[in-house]
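>>> output the structure for:
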Amino acid sequence: MHLKVSIPLFIFSLLIAGCSLVPSELKTAERIMDTLPDSALNILHNLKPEEYKVNSDRALYGLLLSQALDKNDRKITPESLIDFSINYYLSQNDNPHLAACYYYKGHMFKHAQRYDEATVSYLKAIDCLQSTNGYALSGKIYADMGDICSIQNDYKESLSKYRASLKYLNRDNKKNEANYIILCIGRTNRLLKKNKSARGYYQYLLKQQKDSFLLGLIYQEMGINYYSSKQPDSAEVLLRKSLNFPFKGTNYSIRSYYLADLLFDKAQYDSSFQYASMALKYPANFYIQRECYRILVNVEYLRKDIHQMGKYMTLYQSCGDSIRKIESQTKCSVLEKLHTANTEANGSKKNIILILSLLILVLLLSSFVVVTLFKRNKLKKQQINAFKIQLNSKQKFVSQGLCKKIEDTKAMQAEERKNASVDYKEKLDRELYNNALHLSDWTDFSREMNHAFNNIIVTLKADYPTVNQKETIWCCLHLLDIPHADRMLMLDATSDSLYKLKQRLAQKLDLKSTKELDLFLKNITAIKV
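Got it, this is the predicted structure:
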């Protein structure tokens with residue numbers, strides 16, 4: 001009898017020992033993740049998660065694989081694995097692991113340029129970290145959100161996120177990671193036109209830095225800073241120097257693009273073409289790709305290679321379409337407000353459930369309290385739904401070029417205009433158009449209009465040399481569909497003089513009447529391949 005019992009127990013022990021091999025390998029991968037991420041990834045790639053019978057092992061595998069792929073700068077796939085991990089840790093109320101899962105899913109969306117979905121995942125991760133000491137992870141999350149805000153041109157919000165990231169990383173004594181965030185703060189200051197302040201951050205990092213990756217980034221950002229400050233010689237030296245340092249992600253394409261743009265401004269067109277082409281051979285986002293194709297289009301135009309120009313223009317427009325899709329995504333700051341509102345509503349709902357439970361148990365509270373709380377919760381839901389409807393409405397009218405930029409600026413000035421005098425409104429209009437179109441700087445205005453309307457100013461100057469600057473500006477304003485009153489203001493003209501300007505312009509363009517101006521301008525700005 002004793003023998004009969006021992007044999008099954010022995011076989012069962014062998015099975016348990018065999019099954020424990022996979023979890024031990026998971027533990028090994030987890031242990032060496034920070035020091036040997038490539039080895040950890042190799043271990044995980046040799047495992048088969050579908051063979052796991054225990055959900056906790058499969059969930060841990062999905063989390064570790066995402067972490068290993070991220071540390072090795074690889075794309076996080078497949079999405080189903082991290083989703084399984086999220087669902088498992090949700091069911092277990094395991095907030096530390098759940099926060100990490102949400103972070104890696106957000107990171108996956110960020111690299112796919114699905115910034116709204118990334119933001120939602122990051123906000124969920126932050127919620128999970130509220131009751132933990134996950135300072136390092138919090139630092140990473142806020143850094144990614146800072147990147148997203150920067151891409152969405154919300155620079156003040158971006159600066160706020162980077163500072164939060166720096167606070168958490170310093171608290172966890174992550175000095176190297178904190179230095180990268182200081183660099184991001186410097187770059188954001190440059191984007192806010194605070195170039196001198198930005199240089200202060202770069203100089204601070206340069207004095208103490210030995211990390212070759214970070215050194216390359218510092219020279220890259222210093223070069224861009226000098227370029228932005230209209231110091232092209234210093235910018236060129238630093239950008240060329242940055243190319244000699246190792247890089248991650250899109251940094252090499254960024255360096256090459258800015259160098260190409262700088263060389264184009266210096267009329268070194270062959271070198272500009274070379275670096276723009278080089279940038280496109282490395283990982284780059286749609287913004288860098290579009291700007292590189294812009295340079296290639298302009299160089300081919302100068303070379304009079306219409307066929308190649310048309311080819312690059314098609315690619316330029318394709319990137320523009322992709323960028324518009326990205327810009328149509330809801331901003332990080334808006335999603336954060338909506339998330340906060342939802343969290344408050346969910347908190348109110350839990351309070352109501354608790355109060356109702358207490359009512360059932362003690363039978364002391366009156367029905368008035370229940371009705372009041374129900375109405376309060378209903379009102380909050382209505383506010384959230386109204387906010388969602390308003391948000392969806394705004395998304396339909398996302399910025400599409402310079403016209404939308406002008407409309408948005410006017411909308412922002414609405415309160416200021418409400419009780420303003422006529423003279424002050426005219427002043428606001430002049431400032432608006434000068435800021436949006438650079439009317440006070442002919443070089444910047446020409447560059448903006450040439451990019452927007454297929455080198456219209458270059459074409460008019462070459463084919464119709466008698467057309468003067470004022471008439472050229474009118475053409476651009478017409479293409480932008482600027483209101484008649486605003487055109488009069490921008491051109492310091494009366495209605496009669498503006499009409500005479502159109503008549504003279506029609507004659508110079510060999511048109512029968514001013515009615516043909518619209519069709520003419522559309523034709524010369526159309527791409528001809």
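
>>> all strands of the stretch 51-200 of the chain, in order?
Using DSSP state E, counting those that start in this stretch, the stretch 51-200 of the chain contains no strands.

>>> which stretches of it form helices?
Here the stretch 51-200 of the chain has its helices, by DSSP state H, counting those that start in this stretch, at 55-71, 79-91, 95-111, 115-128, 135-151, 155-171, 175-191, 195-208.

>>> domain ranges for the chain, per the record?
Structurally, the chain divides into domains by automatic domain parsing as follows: 20-132, 346-398, 403-525.

>>> pLDDT on the first one, on average?
Model confidence over domain 20-132 averages 89 on the pLDDT scale.

>>> could you do stretch 345-360 as well?
The pLDDT scores in stretch 345-360 average 72.

>>> what about residue 26, neighbour count?
By other Cβ atoms under 10 Å, 24 other residues sit near residue 26. (C-beta placed from N, C-alpha, C; glycine too.)

>>> pull the contacting residues for the closest residue to it other than its chain neighbours.
Spatial nearest neighbour of residue 26, chain neighbours left out: residue 60 (5.5 Å); criterion: Cβ to Cβ, 6 or more residues apart in numbering. With Cβ atoms under 8 Å, 6 or more residues apart in numbering as the criterion, the residues that contact residue 60 are 26, 30, 85, 97.

>>> ok, the third one touching residue 59?
Yes - the pair residue 85 and residue 59 qualifies as a contact (Cβ atoms under 8 Å) at a distance of 4.3 Å.

>>> relative to residue 458, how far out is the residue nearest the centre of the chain?
Among the residues of the chain, the smallest C-alpha distance to the mean C-alpha position (Cα atoms, centre = their mean) belongs to residue 151, namely 2.9 Å. Here the criterion is Cβ to Cβ, to the nearest Å. By it, residue 151 lies 31 Å from residue 458.

>>> now residue 91
According to Cβ to Cβ, residue 91 stands 63 Å off from residue 458.

>>> settle it for me: which of these two has more neighbours?
residue 458 (15 against 11).

>>> quick check: closest non-adjacent residue to the more buried one.
If you skip the residues right next to it in sequence, residue 458 has residue 450 as its closest partner in space, 5.9 Å away by Cβ to Cβ, 6+ apart.

>>> for that neighbour, grab phi and psi.
Dihedral angles of residue 450 (phi, psi; degrees, to the nearest 10) stand at phi -60, psi -40.

>>> now the one 3 residues further on
The main-chain torsion angles of residue 453 are listed as degrees, to the nearest 10 and equal phi -130, psi 50.

>>> ok, residue 235 next?
In this entry, residue 235 is assigned phi and psi values of phi -60, psi -40 (degrees, to the nearest 10).

>>> elements contacting the strand or helix carrying residue 307?
Residue 307 belongs to helix 306-327 when elements are defined using DSSP states H and E. Applying 3 or more Cβ pairs under 8 Å, 6 or more residues apart in numbering; DSSP states H and E, one finds that helix 306-327 contacts helix 286-303.

>>> give me that answer again for 10 Å
helix 115-128, helix 286-303 (3 or more Cβ pairs under 10 Å, 6 or more residues apart in numbering; DSSP states H and E).

>>> where in the chain is pLDDT low?
By pLDDT under 70, the low-scoring segments of the chain are 1-22, 347-351, 383-401, 528-529.

>>> the closest residue to residue 254 other than its chain neighbours: neighbour count?
Leaving aside its sequence neighbours, residue 254 sits nearest to residue 288 (Cβ to Cβ, 6+ apart; 6.1 Å). Taking other Cβ under 10 Å as the criterion, the count of residues near residue 288 is 21.

>>> which ones are touching residue 288?
For residue 288, the set of contacting residues under the criterion of Cβ atoms under 10 Å, 6 or more residues apart in numbering consists of 250, 253, 254, 256, 257, 258, 276, 279, 280, 282, 319.

>>> the second one and residue 497, how far apart?
With the distance defined as Cβ to Cβ, residue 253 ends up 49 Å from residue 497.

>>> try the fourth one
Distance, residue 256 to residue 497, using Cβ to Cβ: 48 Å.

>>> between these two, who's got more neighbours?
In this comparison of residue 256 against residue 497, neighbours counted by other Cβ under 10 Å, the higher total goes to residue 256 at 25 against 12.

>>> that one: what's it in contact with?
By Cβ under 10 Å, 6+ apart, residue 256 lies in contact with 239, 242-243, 274-282, 284, 288, 292.

>>> if I look at it, how far off is residue 292?
For residue 256, the distance to residue 292 - Cβ to Cβ - is 8 Å.

>>> overlap in contacts, those two.
By Cβ under 10 Å, 6+ apart, residue 256 and residue 292 have these common neighbours: 275, 276, 277, 278, 279, 280, 284.

>>> which of those sits closest to residue 465?
Comparing the shared contacts of residue 256 and residue 292 against residue 465 with Cβ to Cβ places residue 276 closest, at 30.0 Å.

>>> coming back round to it: show me the two of the contacts of residue 288 that sit farthest apart.
The widest separation within the contacts of residue 288, taken as Cβ to Cβ, falls between 258 and 319 and amounts to 17.0 Å.
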